[in-house]
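Visitor: next input, structure requested:
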Amino acid sequence: MKVISTEKIPIKLWLDDIEDGALAQAKNLANLPFAFKWISIMPDTHQGYGMPIGGVMATNKVIIPNAVGVDIGCGMCAVKTSLTEINTDTLKKIMGEIRKVIPVGPDHQKEEQDENLMPKFEDNKVVMRTMTRFLETQDYKIVSEQYLSALKQIGTLGGGNHFIEIQKGSDGHIWIMLHSGSRNIGLKVANYYNKLAQELNAKWHSSVDRKWELAFLPMDSKEGRNYIKEMNYCVNFALANRDLMMDRIIECFRKEFIIKNRIEVITFDETINIAHNYAKMENHFGQNVMVHRKGATLATKDTIGIIPGSQGTKSYIVKGLGNPDSFNSCSHGAGRKMSRKEAINTLDLEKEKKKMKGIIHGLRNKTDLDEAPSAYKDISVVMENQKDLVEILVELTPLAVIKG
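Guide: As a prediction, the model looks like this:
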């Protein structure tokens with residue numbers, strides 16, 4: 001861990017190669033009047049909007065929409081199967097079936113999904129839609145506007161760095177892993193409340209520089225309370241989204257192995273599910289504070305987590321060590337070392353394909369290079385840098401990948 005002490009509060013970093021833009025953003029965080037103790041910067045950190053991705057910040061009495069980000073509740077889930085081997089032909093068949101039941105990229109479901117799959121509300125004032133009746137509440141303004149659209153988005157992967165991956169574990173078992181978030185509903189909630197925070201901060205003549213993109217909402221204000229409600233709904237929607245996709249992936253496995261290969265028994269362990277874009281009230285150093293994790297994962301003592309690499313490198317099932325210096329957090333992945341545009345313009349397609357030899361992947365065209373292995377940091381270095389944050393339980397090697 002490296003400490004920078006030039007700002008109002010310290011910045012604690014678990015990497016040496018932080019880019020200038022991300023460092024400048026970390027310094028902005030460290031000079032916020034309501035930031036608590038220090039800023040923690042994870043080893044996968046890179047520049048984001050307002051707050052670096054891979055940043056952890058605790059605040060007193062305020063919440064910052066841009067310190068959560070636009071993909072609220074984005075996270076990982078993983079399932080260990082009883083399988084110990086899977087051949088290439090079977091992998092290809094399963095991946096083909098997965099593509100049939102899970103829309104990827106910008107695609108949505110053709111039909112509204114069962115409403116019972118949607119998250120429940122924490123507020124009895126809110127009623128679910130029944131036939132022609134719709135959500136109507138000011139407490140959930142954006143969620144109510146996006147609810148019907150979300151019924152066609154649940155169970156969909158999305159784009160960017162979201163993925164479905166079949167892996168072989170160091171424990172000898174085949175694993176299923178996926179990465180996805182809250183789709184458009186999370187984006188709409190994030191943008192609405194960030195804009196609202198900007199307007200209110202300007203009205204209040206806030207001392208927080210608008211250029212920092214860190215407009216805040218007091219937690220005891222109506223706007224702050226409503227953002228927290230809608231944010232939490234999006235976190236739960238992202239979880240429900242991953243759960244539905246995992247259920248359908250498991251069904252693809254069952255059909256292939258039970259019906260076609262006449263294997264009578266295939267079992268699946270309980271899903272490991274952990275988010276990395278959210279804010280939550282926690283107690284640290286004897287004080288209740290709002291901990292913002294933007295591209296960072298909870299790593300309290302013995303918490304089981306997931307840290308993915310790129311589509312051509314290893315991923316990890318980990319156990320948290322509960323390090324207070326990181327506010328009980330760890331990295332959420334390898335972290336980008338190139339922007340998407342830079343990766344497309346500079347990486348060599350054939351070289352990147354060679355790096356993925358033996359993996360069933362979708363790296364076909366130059367435009368796919370934004371998610372090439374070389375666009376990401378070395379996951380082995382990232383893991384080495386956070387040995388005081390997590391313990392590795394299982395090392396996972398990719399066998400087949402579907403990218404959003």
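Visitor: pLDDT below threshold where in the protein?
Guide: Across the chain, the ranges flagged by pLDDT under 70 are 122-138, 259-264.
Visitor: ok, longest helix in it?
Guide: In the chain, taking DSSP state H as the definition, the longest helix is helix 222-254.
Visitor: may I see the buried residues of that one?
Guide: Neighbour counts over helix 222-254 (16 or more other C-beta atoms under 10 Å) mark 223-224, 226-246, 249-250, 252-253 as buried. Yep, even glycine has a C-beta here, placed from its N, CA and C like the rest.
Visitor: cool, and stretch 98-109?
Guide: Buried residues in stretch 98-109, counting neighbours by 16+ other C-beta under 10 Å, are found at I98, I102, P103, V104, H108, Q109.
Visitor: how about stretch 279-291?
Guide: Of all the residues in stretch 279-291, those buried under the rule 16+ other C-beta under 10 Å are A279, K280, V289, M290, V291.
Visitor: JSON lines please, covering those and showing secondary structure and distance to Y376.
Guide: As requested, the buried residues of stretch 279-291 are exported to JSON lines (DSSP: H, G, I helix; E, B strand; the rest coil; distance: C-beta to C-beta, whole Å):
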{"residue": "A279", "secondary structure": "strand", "distance to Y376": "26"}
{"residue": "K280", "secondary structure": "strand", "distance to Y376": "27"}
{"residue": "V289", "secondary structure": "strand", "distance to Y376": "31"}
{"residue": "M290", "secondary structure": "strand", "distance to Y376": "30"}
{"residue": "V291", "secondary structure": "strand", "distance to Y376": "26"}
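Visitor: nearest to I41, of those?
Guide: Closest approach to I41 among the buried residues of stretch 279-291 (C-beta to C-beta): V291, at 14.3 Å.
Visitor: residue contacts, the closest one?
Guide: Taking C-beta atoms under 8 Å, 6 or more residues apart in numbering, we find V291 in contact with V56, M57, A58, A279, K280, M281, E282, H284, F327, S329.
Visitor: so which of those are in strands?
Guide: Using DSSP state E, V56, M57, A58, A279, K280, M281, E282, H284, S329 are the members of the contacts of V291 that sit in strands.
Visitor: got the phi/psi numbers for the residue nearest to the fourth one when sequence neighbours are not counted?
Guide: Residue nearest to A279 in three dimensions, not counting chain neighbours: H292, with 4.5 Å by C-beta to C-beta, 6 or more residues apart in numbering. Taking degrees, to the nearest 10, you get phi -100, psi 120 for the backbone angles of H292.
Visitor: just the one 10 residues further on next, same as before
Guide: D302 has phi and psi values of phi 70, psi 0 when expressed as degrees, to the nearest 10.
Visitor: what's the closest non-adjacent residue to it?
Guide: Closest residue to D302 apart from its sequence neighbours, by C-beta to C-beta, 6+ apart: K319 at 5.9 Å.
Visitor: what's the answer for I266, then?
Guide: Of all residues not flanking I266 in the chain, F257 sits nearest, at 5.0 Å (C-beta to C-beta, 6+ apart).
Visitor: confirm that that neighbour sits in a strand.
Guide: No: according to DSSP: H, G, I helix; E, B strand; the rest coil, F257 belongs to no strand; its state is helix.
Visitor: P218: how many residues sit nearby?
Guide: Neighbour count of P218, defined by other C-beta atoms under 10 Å: 16.
Visitor: turn the buried residues of stretch 279-291 into a markdown table, including distance to D16.
Guide: Below are the buried residues of stretch 279-291 laid out as a markdown table (distance: C-beta to C-beta, whole Å):
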| residue | distance to D16 |
| --- | --- |
| A279 | 28 |
| K280 | 29 |
| V289 | 28 |
| M290 | 29 |
| V291 | 25 |
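Visitor: name the element S380 belongs to?
Guide: Assigned by DSSP states H and E, S380 belongs to helix 379-385.
Visitor: circling back: next helix or strand past the longest helix of the chain?
Guide: strand 272-275.
Visitor: tell me which strands that following strand pairs with, and in which orientation.
Guide: If you go by DSSP bridges, strand 272-275 pairs up with strand 75-80 (antiparallel).
Visitor: before we move on, the earlier item: what is the nearest of the ones in strands among the contacts of V291 to N273?
Guide: Lowest distance from N273 to the ones in strands among the contacts of V291 (C-beta to C-beta) belongs to K280, with 15.3 Å.
Visitor: for beta bridges, what are the partners of that closest one?
Guide: Beta-bridge pairing for K280 (DSSP bridges): V291.
Visitor: dump the residue contacts of it.
Guide: M290, V291, R293.
Visitor: distance of the second one from N232?
Guide: Noted for V291: a distance of 14 Å to N232, by C-beta to C-beta, to the nearest Å.
Visitor: same thing with I250?
Guide: For I250, the distance to N232 - C-beta to C-beta - is 27 Å.
Visitor: what segments of the stretch 101-250 of the chain are strands?
Guide: Ranges of strands in the stretch 101-250 of the chain, per DSSP state E, counting those that start in this stretch, are 163-169, 174-180, 217-218.
Visitor: among those strands, which is the most enclosed?
Guide: Neighbour counts (mean count of other C-beta atoms under 10 Å) averaged over each of those peak at strand 174-180, with a mean of 25.
Visitor: measure the nearest residue to M95 once chain neighbours are set aside to K92 for me?
Guide: Distance criterion C-beta to C-beta, 6+ apart; nearest residue to M95, sequence neighbours excluded, is A400 at 5.3 Å. Distance, A400 to K92, by C-beta to C-beta: 8 Å.
Visitor: please identify every residue contacting each of these two.
Guide: Counting by C-beta under 8 Å, 6+ apart, the residues touching both A400 and K92 are I360.
Visitor: pick out whichever of those two has more residues nearby.
Guide: Remark: of A400 and K92, A400 carries more neighbours, 21 against 12, as counted by other C-beta under 10 Å.
Visitor: for the residue nearest to M95, phi and psi?
Guide: Torsion angles, degrees, to the nearest 10, at A400: phi -150, psi 140.
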